[in-house]
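> sequence first, predicted coordinates after that:
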Amino acid sequence: MTSPETALIERYLEHARVEKRLAARTVALYALHLQQLADKAAAVPIDLLQVHHAHIRRWVAQMHSAGRSGSGIALVLSCWRGFYTWLGREGQVATNPVQNVRAPKVGNALPKALGVDAAVQLASFQNTDADPWLEARDAAITELLYSCGLRVSELTGLDVVASTSAEREGRGWVDLQSGEVLVQGKGGKRRTVPVGGPALEALQQWLAVRDQVPAQPQAAQALFIGRRGTRLTAQSVWQRLKRRSLRAGLATPVHPHMLRHSFASHVLQSSGDLRAVQELLGHANIGTTQ
């Protein structure tokens, strides 16, 4: 025989399915979370309709102590809160015991960065079995990302020469003579970043062979192009860098933002100047850099 509490939960799940039109997977998760709520109430023991703030806070603490993540607890609380809101509309409870109960704060995960040895291993890798044209391009991309800490969108937006047309896709360029890259970052902000010697050398080797593949008219000035002569996309850079890092023997696949974080970490380790790192990365807020 179905208990009154089970009947209430089933009615709420039907409400979620029919009236709230929640996805089947979401309803299934709600069923699981509400069964856990019923089990916790039964262990006290207390009726579901008699649960109050103190019980909810205690159960949140138990979930947190058991290793459940803050985001996971937040999802559980969202489900419970919706259940008691519905019970209130049904005249079953006077107050919502989950109201104003929050999950533990989720700490900001530190971005992944390569160690210096791993970064050098990747930067110095040469794929002798690859197409020389592709190898020159991919080596230049890797060096430039690590040497300058560029965002992948900034890298793919670079032109061979200074951009002078508003219609041009380019959003920056490399000045080989001065050893600098000028980029347009988020919010249209421009900044200048010095380019290291190995990156300059890799760029010169790439430029020496770049024109072996004719560029499409709209990509005529693009620094990095693909085999079809179009401007290289961010997705292509991600794929090529991942493949290159695995071929270089790194345990973890590398993506462009990892090289940006590696650049920031290694510059900070050597200089200790957080403000300088902020400027090089193009962060508007130093909290982002921290």
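Happy to help now that I have it. Residues are numbered from 1 along each chain as shown.
> residue 183 belongs to a strand, doesn't it?
Yes: Residue 183 forms part of a strand when assessed by DSSP: H, G, I helix; E, B strand; the rest coil.
> the stretch 1-150 of the chain: helices as residue ranges?
Listed in chain order, the helices of the stretch 1-150 of the chain (DSSP state H, counting those that start in this stretch) span 4-18, 24-43, 53-65, 70-89, 116-123, 132-148.
> tell me the buried residues in the shortest one?
When you say that, I think you mean helix 116-123. Buried residues in helix 116-123, counted by 16 or more other C-beta atoms under 10 Å: 118, 119, 122, 123. From N, CA and C alone the C-beta is placed, and that goes for glycine too.
> kindly report the same for the third one.
Of the residues in helix 53-65, 55, 56, 59, 60, 63 count as buried by neighbour count, 16+ other C-beta under 10 Å.
> and the closest residue to the fourth one other than its chain neighbours, what does it touch?
Distances taken as C-beta to C-beta, 6 or more residues apart in numbering place residue 73 nearest to residue 60, at 6.0 Å, with adjacent residues excluded. When the contact criterion is C-beta atoms under 8 Å, 6 or more residues apart in numbering, the partners of residue 73 are 60, 63, 64, 103, 104.
> mind running it again at 6 Å?
60, 63, 103 (C-beta atoms under 6 Å, 6 or more residues apart in numbering).
> just the closest of the residues you listed to residue 34, please.
Residue 34 has its nearest neighbour among the contacts of residue 73 in residue 63, at 14.7 Å by C-beta to C-beta.
> just for the stretch 151-290 of the chain, where's the confidence low?
Low-confidence segments of the stretch 151-290 of the chain, defined by pLDDT under 70: 163-170, 270, 273, 276-290.
> can you give me the strands in it?
Remark: strands assigned in the stretch 151-290 of the chain by DSSP state E, counting those that start in this stretch are 158-159, 172-175, 180-184, 190-194.
> can I get the third one as PDB, trimmed to CA atoms?
What follows is the C-alpha trace of strand 180-184 in PDB, where atoms were taken according to Å, rounded to 0.1, in the frame of the first residue of the first chain:
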ATOM      1  CA  GLU A 180      56.000  42.100 -30.700                       C
ATOM      2  CA  VAL A 181      52.500  40.900 -31.300                       C
ATOM      3  CA  LEU A 182      49.600  43.400 -31.300                       C
ATOM      4  CA  VAL A 183      46.200  41.800 -30.500                       C
ATOM      5  CA  GLN A 184      42.700  42.900 -30.000                       C
END
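> partners of that strand in the sheet?
Within its sheet, and counting by DSSP bridges, strand 180-184 is paired with strand 172-175 (antiparallel), strand 190-194 (antiparallel).
> now do it and helix 132-148, the angle between them.
If you take axes from the mean of the first three to the mean of the last three C-alpha atoms, to 10 degrees, strand 180-184 sits at 80 degrees to helix 132-148.
> if we can go back for a sec, among the helices of the stretch 1-150 of the chain, where is the model least confident on average?
Between those, the lowest average pLDDT goes to helix 116-123, which shows a mean of 86.
> residues contacting that helix, please?
143, 146, 245, 248, 250, 262.
> next: stretch 82-92.
Counting by C-beta under 6 Å, 6+ apart, residues outside stretch 82-92 touching it are 12, 49, 93, 96, 98.
> for residue 197, state which of those residues is nearest.
Of all those, residue 197 sits closest to residue 98, with 59.6 Å by C-beta to C-beta.
> verify the contact between that closest one and residue 81 for me.
Yes: assessed by C-beta atoms under 6 Å, residue 98 is found in contact with residue 81 at 4.1 Å.
> distance check, the closest residue in space to residue 152 that isn't next to it in sequence against residue 216.
Leaving aside its sequence neighbours, residue 152 sits nearest to residue 256 (C-beta to C-beta, 6+ apart; 3.9 Å). Plainly put, residue 256 is 23 Å away from residue 216 if you go by C-beta to C-beta, to the nearest Å.
> of those two, who's got more company?
residue 256 (24 against 13; other C-beta atoms under 10 Å).
> check contacts around that one.
Residues near residue 256 by C-beta under 6 Å, 6+ apart: 145, 152, 237.
> thought the last one was touching residue 154?
No: proximity of residue 237 to residue 154 does not meet the contact threshold set by C-beta under 6 Å, at 11.0 Å.
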